[in-house]
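In: this one's sequence-less:
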């Protein structure tokens, strides 16, 4: 007799993977350690990501369909190229240069959490 | 702020931008600091500050007089409010204008020059002389216009400066009554001096990119500090009247008092073109904004040269065209309009030699960037890379073969390998 599936059974579909955000690296920019880069998956829904970011203190600053620029109330910015997934993290320039890398890592961690939540 | 956007307009086909009747361009802090430093190196700290603040006062007086008339701002309070909005729109920071017709105090926060100076040099150099000559001139002109005083009625001194590790910037204004009325170099003047725009190589691509960048730039606003970030760099909407008057007054002073030093000073003002091309154009090419609007860079010579020219147009430098391009050999650029020769011709008359130091040397720098930078690897545009490209390994020569300031029908520069 065939038993019905229970919650302990192996799922029929593989589990949906959380979207992966790449690690942090330095990006082009005019001043010391202000601009950092990571990449988001290209299949994210921009509207969903935007709503999650806005709910977390970001304001949208760009109307361009291929480019989303968000400014956080703390002063840092994210520039996201929707078509390629590239994200430029712009640390607030009032942060002293020695503390900028750590600040970029903090923003990156927060962004990773927010993107996971956007699923 | 929306009112300022309404006052912002272009001259069709000439890639020049105006706020009201006054021309403006975009330049980043690397260029601004280098330009001011060149004036200071040539004239000394005191005289350099004076020349710069007076040039700012003159240019800003023209700008604000025109804007208050267009906006119908009739009372001192309305005029000061307008001036206080123009300053952050330009990306210059915030000014608290507290002075009256007899003078008074002005406070500055996050001023572009001192903030950028601390950012760029603060860890290595201890500065003792203030840097905010533009803000000093702006504060004096704003107060003069607010109280219907003629230009030059007030003098402005920077008493404390963030670049000198003081907590904020402070200015003291007082009466001086040194008339400095100069004819404005405005839209009407440009219309008299510019030539019929022509088409160069890859005109369609260049024009299309410039249009897209223009639309994007119009939407870029200052942040709460009054600083403008676009393409990942700090930019200003600045007055070419300030750059031109400070550069030409400095060069004329040297020509008169130390003629043997003239080539060195001209070379330095030319180098500001290298600084702009490397930092401003380079960072725009590598920015997420460029990737979204234009695409990922391949990095070949033709792509970098034509892209760079599109950027110069969007920044309001004028209608620059690529007339000949032979990779590894030669570039010929022309401009039917730029922000140097109309100013020179109007203010100083016919010149015996070409005067487009910025146009010529930015063209040379574009060739260097197109040939010596591996764009596909997305390099960091560091000071070390700048020095290796423009101090140790600059193989291009440039000559301005025609210049409207000496009566030619177009400005033309020829860049060759040498």
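Out: Done, it's in. For clarity, every value in this text was computed on a predicted model and none was experimentally measured.

In: the helices in chain A, which residues?
Out: A:46-55, A:97-117 (DSSP state H).

In: now for the ones you listed, which one comes closest to residue B:54?
Out: Across the helices of chain A, residue B:54 has its closest neighbour in helix A:97-117 (34.2 Å, CB to CB). Where you see a C-beta, it was placed from the backbone N, CA and C, and this is true even at glycine.

In: which of the residues in the closest one are buried?
Out: Buried residues in helix A:97-117, counted by 16 or more other CB atoms under 10 Å in any protein chain shown: A:100, A:103-104, A:107-108, A:111-112, A:114-115.

In: How about the residues of chain A by chain B?
Out: Selection of chain A residues close to chain B by CB under 8 Å from any CB of the partner chain yields A:26-32, A:34-35, A:61-64, A:66-67, A:71, A:75, A:77, A:79-84, A:86-88, A:90, A:93-94, A:97.

In: hmm, back to that, CSV please, covering the helices of chain A and showing mean pLDDT.
Out: Below are these laid out as CSV (pLDDT from 0 to 100):
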stretch, mean pLDDT
helix A:46-55, 92
helix A:97-117, 93
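
In: How much space separates the closest residue to chain A within the stretch 101-250 of chain B from residue A:27?
Out: Residue nearest to chain A within the stretch 101-250 of chain B: residue B:233 (4.2 Å; CB to the nearest CB). Distance from residue B:233 to residue A:27, counting by CB to CB, to the nearest Å: 12 Å.

In: Distance from stretch B:3-10 to the middle of the chain?
Out: The gap between where stretch B:3-10 is centred and where its chain is centred comes out at 18 Å by CA atoms, centre = their mean, to the nearest Å.

In: Any stretches of chain A with poor pLDDT?
Out: Counting by pLDDT under 70, chain A has low-confidence residues at A:1-19, A:29-30, A:119.

In: hmm, try it at 80
Out: Low-confidence segments of chain A (pLDDT under 80): A:1-20, A:28-32, A:62-63, A:118-119.

In: what are the ranges of the strands in it?
Out: A:25-26, A:35-39, A:58-60, A:67-72, A:77-81, A:86-90 (DSSP state E).

In: List the buried residues in the third one.
Out: In other words, strand A:58-60. Those buried within strand A:58-60 under the rule 16+ other CB under 10 Å are residue A:58.

In: Could you list the paired strands of that strand along with their orientation?
Out: Strand A:58-60 has its sheet partners listed here by DSSP bridges as strand A:67-72 (antiparallel).

In: what's the angle between the strand it pairs with and helix A:46-55?
Out: Comparing the axes of strand A:67-72 and helix A:46-55 via axes from the mean of the first three to the mean of the last three CA atoms, to 10 degrees yields an angle of 10 degrees.

In: Return the distance of strand A:67-72 from the chain's centre.
Out: Chain-centre distance of strand A:67-72: 11 Å, with CA atoms, centre = their mean.

In: Near chain A, which residues of chain B are found?
Out: B:28-30, B:115, B:119-120, B:123, B:216, B:219, B:221, B:223-225, B:227, B:229, B:232-234, B:279, B:282-283, B:286-289, B:291-293, B:296, B:378-381.

In: repeat that with 7 Å
Out: B:28, B:30, B:119, B:123, B:216, B:219, B:229, B:232-234, B:279, B:283, B:286, B:288-289, B:291-293, B:378, B:380-381 (CB under 7 Å from any CB of the partner chain).

In: Now which of the residues you listed would you call buried?
Out: For these, a neighbour count by 16+ other CB under 10 Å gives the buried set as B:28, B:30, B:119, B:216, B:229, B:232-234, B:279, B:283, B:286, B:288-289, B:291-293, B:378, B:381.

In: picking that back up, okay, the strands of chain A in JSON lines with distance to residue B:95 next?
Out: Below are these laid out as JSON lines (distance: least, CB to CB, whole Å):
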{"stretch": "strand A:25-26", "distance to residue B:95": "34"}
{"stretch": "strand A:35-39", "distance to residue B:95": "28"}
{"stretch": "strand A:58-60", "distance to residue B:95": "25"}
{"stretch": "strand A:67-72", "distance to residue B:95": "23"}
{"stretch": "strand A:77-81", "distance to residue B:95": "24"}
{"stretch": "strand A:86-90", "distance to residue B:95": "25"}
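
In: Tell me how far residue B:417 lies from chain A.
Out: Plainly put, residue B:417 is 27 Å away from chain A if you go by CB to the nearest CB, to the nearest Å.

In: State the pLDDT value of that residue.
Out: Predicted confidence (pLDDT) for residue B:417: 94.

In: returning to what we had before: out of the residues of chain A next to chain B, which are buried?
Out: The neighbour count (16+ other CB under 10 Å) marks A:27-31, A:34-35, A:61-62, A:64, A:66-67, A:71, A:77, A:79-82, A:84, A:86-88, A:90, A:93 as buried among these.
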